[in-house]
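# here is a sequence with its predicted model. Questions after.
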Amino acid sequence: MILKGGFSKPPFLFLHSMSISNTKRNIVLGILFFLPVAFLLMLYPAKHNYKPLDIVNKKVSDLECFYSDLSDSIQLKGHITVLGFLGKSPLSKSIAASNLKELVYDKFKGFKKFQIIIVVPEGTEAEIEELKREVNTYEDLRFWHYAYGTEGEIKKLYNALKSKRNLMPDLSNDNVFIIDKDLSQRGRIDGRDEKEVETNKPKFSVYSYNTIEVSEIKNMMSDDMRILFTEYRQKRKGKFDDSNTRRGNDLKQANE
């Protein structure tokens, strides 16, 4: 190789410089490849330490005395259920039903064992058929069920839930509840977000979710549903600490 001034660069120096260049390139490529991998490995342990959705009540009744719009039986046990109460005039609650369908059902209908159950009094079958036509919009609602019961049965079911709001005289409530596969009601013992904790806002508990408040359903409830599905997914993989002690502590804190 001829250098400036007429001098020749020895072949071994030329090869040596090429070797250094290749080494630098390989180092850069290695860093670019392994850096994201290292970052993911650092995050991986955190998946096992996330805070599960609190158990706020372990005494939820099942639906033995209710009949369904389906031919087969309907039950809470063994399912992740969003439970709602539309009362004696379900058509008047069409906004709540539409919000629930668009913001919850459409988002989670692909998850295993997910269902929405709407409890209504006997005698509302005709209104429910009209509500179905209004809410369905030609979509698959096979995981959305209506459960019919007497006034006494509906009150008994609602009274078994933990709630800050009473059931209305028409047996309705705008709030819905999350029930897990073991008939435990899920929510938040401390419902504050990080900013509210930092500013020392007073603690408050979340036992249910208002279907009229779109932001509450889109943000808080959607996050809580994802956390619960993550818990069950980790349980299937044997990666979830489902200790009775943690559950007992949750209930103790909820009752304080």
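Arrived safely.
# low-confidence stretches in the stretch 151-256 of the chain?
239-256 (pLDDT under 70).
# run through the helices of it in chain order.
Here the stretch 151-256 of the chain has its helices, by DSSP state H, counting those that start in this stretch, at 151-159, 194-198, 214-215, 222-236, 244-255.
# out of those helices, nearest to residue 114?
Shortest distance between residue 114 and the helices of the stretch 151-256 of the chain, using CB to CB, is found for helix 222-236: 7.9 Å. Where C-beta positions appear, they are placed from N, C-alpha and C, glycine not excepted.
# for that closest one, packing partners?
Applying 3 or more CB pairs under 8 Å, 6 or more residues apart in numbering; DSSP states H and E, we find helix 222-236 packed against strand 80-86, helix 106-108, strand 172-179, strand 185-187.
# go ahead and flag the most central residue of this protein.
When CA atoms, centre = their mean is applied to the chain, the residue found nearest the centroid is residue 225 (1.0 Å).
# quick one: the strands in this structure?
54-57, 67-68, 80-86, 114-121, 144-149, 172-179, 185-187, 209-210 (DSSP state E).
# got CSV for those strands, with mean neighbour count too?
Shown next, in CSV, are those (neighbours: other CB atoms under 10 Å):
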stretch, mean neighbour count
strand 54-57, 23
strand 67-68, 14
strand 80-86, 25
strand 114-121, 23
strand 144-149, 21
strand 172-179, 22
strand 185-187, 23
strand 209-210, 20
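# now do the contacts for the residue nearest to the centre of the chain.
80, 82, 104, 107-108, 178 (CB atoms under 8 Å, 6 or more residues apart in numbering).
# save these as a markdown table, and put in distance to residue 172 too.
Shown next, in a markdown table, are those (distance: CB to CB, whole Å):
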| residue | distance to residue 172 |
| --- | --- |
| 80 | 23 |
| 82 | 16 |
| 104 | 18 |
| 107 | 24 |
| 108 | 23 |
| 178 | 18 |
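# which one among those gets closest to residue 145?
Using CB to CB, the contacts of residue 225 come closest to residue 145 at residue 82, 10.8 Å.
# who does the residue lying closest to the closest one once chain neighbours are set aside bridge with?
With CB to CB, 6 or more residues apart in numbering as the criterion, residue 82 has its nearest non-adjacent residue at 4.7 Å, and that residue is residue 116. Going by DSSP bridges, residue 116 is paired in beta bridges with residue 82, residue 144.
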